[in-house]
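S.K.: My questions are about this predicted structure, shown below with the sequence.
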Amino acid sequence: MLKAVILIGGPQKGTRFRPLSFEVPKPLFPVAGVPMLQHHIEACAKVPNMKEILLVGFYQPNEELTRFICSAQQEFKILIRYLQEFAALGTGGGIYHFRDQILSGGPEAFFIMNADVCSEFPLPEMLNFQKEHGEPSSFVIMGTTANRKQSMNYGCIVENQQTNEVLHYVEKPSTFVSDIINCGIYLFTPEIFQHIGAVFQKNQQDIDEQTNGNGWHRAEAIRLEQDIFTALAGQGKLYVYKTPAFWSQIKSAGSAIYASRLYLNQYHKTHPERLLGPNVSIGTGVTIGAGVRVRESVILHGATLQDHSCVLNCIVGWDSTIGKWARVEGTPSDPNPNDPYAKIDSETLFRDGKLTPSITILGCNVTIPSEVIILNSIVLPHKDLNRSFKNQIIL
Ligand code: GDD
Ligand code: GTP
């Protein structure tokens, strides 16, 4: 049997997602109309023999997460549990801490996925690839091609082109290493815990050798990328499955709109009933007046778009109101359409001391009056604006 683990991080993460992540944990933010995580879960539930999905993170158990897990279990008819780390243990530390839970019932393999990616999730393809490559207990990383410059924002993989073995792995290198990048989706066998365990032992020894005995936290903090993959590369154990399908990271709110578009394109094939408009997702209880125009946007539940308002490249927060004839507009941060390998830049909010033009975000319960223009701005929750704004963070 198989299992899957989704790394959902915790409250200190997702800072580029503010102010939206104040209201809802980032992994539950809606992408193409459903919580970001639901796309992972849906893909896992389709894999034959998948018995359980474990969400590993350091959020306090909270109502939204509990409610989501409950409804996803029912919808996808699969066991889902949340396992909370006592602190941020890193991408390898969390799964090591919960290894007994992951291995209970004896899975022969399990997937590990970053929550903050969108993908077609070619999980059956990864299973086939694993059978065909290396020994049966080899580990598989899903990879994709990036352009030279952007590749350095990701984990970079040098492969043996004949065998697809990972020969070198460098996490976010400062100079070019390879244009094959790590997608944050892995297929492991239980043997991976021997490798993580070895790093844990070594961390503990290093800490014992230092005189301060207060380092037990740090021995448990392990990064899959730097601590495990870099060491496994070139050992005949680690292989890269390069996906031809879509993939993107979701770090900023702008990248959530791009990710929505990628999933909505896929819905043409998989869920035509879920399709709405030109990359528009509308939550429950939204009121839309006559003559309203919406494009490339996410309207969260309870919002009101009054008559003839125009919303382009925006995320409109829960219960916000946009007045008549108002225009709320942002600038898309799409990857360069002329470069087939371009990825979305989710880098900095500011460049040269100025807010970089990006999508406009209204936090929850914001009111925009009639006949104003809000352009490339971020409005914090509960603000009642009284005029037009351009390129500003409105606190
Ligand atoms: N449970 C848990 N505990 N999850 C964590 C922790 C932790 O301490 N730290 C990070 N995560 C989760 C995040 O929520 C996210 O889903 C994932 O692990 C990776 O997050 P980061 O550590 O911020 O890494 P990154 O996104 O900058 O880069 C990773 O993903 C890229 C692909 O999107 C790396 O794996 C790169 O190599 C890769 O290219
Ligand atoms: P191009 O950039 O050349 O495509 O011009 P455009 O104005 O057609 O494109 P844009 O994406 O800015 O707007 C798309 C459509 O939205 C327009 O054709 C109008 O129908 C509508 N629109 C634009 N601005 C407003 C506005 O302020 N209010 C309303 N109600 N609709 C608008």
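M.R.: Nice, thanks for sending it over. Numbering: from 1, shown residues only. Ligands and ions are numbered 1, 2, ... in the order given.
S.K.: what about the nearest residue to residue 318 once chain neighbours are set aside, is that helix, strand or coil?
M.R.: Take residue 318 and drop its neighbours on the chain: the residue closest to it by CB to CB, 6 or more residues apart in numbering is residue 364, 4.1 Å away. (Each C-beta comes from the backbone N, C-alpha and C, glycine too.) Applying DSSP: H, G, I helix; E, B strand; the rest coil to residue 364 yields a three-state assignment of coil.
S.K.: One more: residue 281?
M.R.: Secondary structure of residue 281, per three-state DSSP, is strand.
S.K.: what pairs with it across the strands?
M.R.: residue 298 (DSSP bridges).
S.K.: mind listing what it touches?
M.R.: By CB atoms under 8 Å, 6 or more residues apart in numbering, the contact set of residue 281 is 30-33, 260, 264, 297-299.
S.K.: Can you check what pLDDT the model gives the residue nearest to residue 318?
M.R.: Note on residue 364: pLDDT of 95.
S.K.: is it true that it touches residue 23?
M.R.: Yes. Between residue 364 and residue 23 there is a contact at 5.2 Å, judged by CB atoms under 8 Å.
S.K.: residues shared between the contacts of the two?
M.R.: 317-318, 381.
S.K.: Turn the residues you listed into a markdown table, including neighbour count.
M.R.: Output for these, formatted as a markdown table (neighbours: other CB atoms under 10 Å):
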| residue | neighbour count |
| --- | --- |
| 317 | 26 |
| 318 | 21 |
| 381 | 17 |
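S.K.: closest to residue 6 among those?
M.R.: Distances from residue 6 to the shared contacts of residue 364 and residue 23, taken as CB to CB, are shortest for residue 318 (24.2 Å).
S.K.: Verify the stated contact: residue 111 with residue 122.
M.R.: No. Contact criterion CB under 8 Å: residue 111 and residue 122 do not qualify, at 11.2 Å.
S.K.: Ligand 1 contacts on this structure?
M.R.: 7-9, 13, 56-58, 85, 88-91, 94, 114-117, 154-155, 171, 181-184, 225, 249 (CB under 6 Å from any ligand atom).
S.K.: Could you give the number of residues near residue 91?
M.R.: Per other CB atoms under 10 Å, the neighbour tally for residue 91 reads 21.
S.K.: ugh, wrong one, I meant residue 252
M.R.: Count around residue 252 with other CB under 10 Å applied: 23.
S.K.: Next, the contact list for it, please.
M.R.: Counted by CB under 8 Å, 6+ apart, residue 252 has contacts 16-17, 333, 346, 358.
S.K.: I'd like the distance from it to residue 49, if you could.
M.R.: 36 Å (CB to CB, to the nearest Å).
S.K.: Out of the contacts of residue 252, which end up buried?
M.R.: 16-17, 333, 346, 358 (16 or more other CB atoms under 10 Å).
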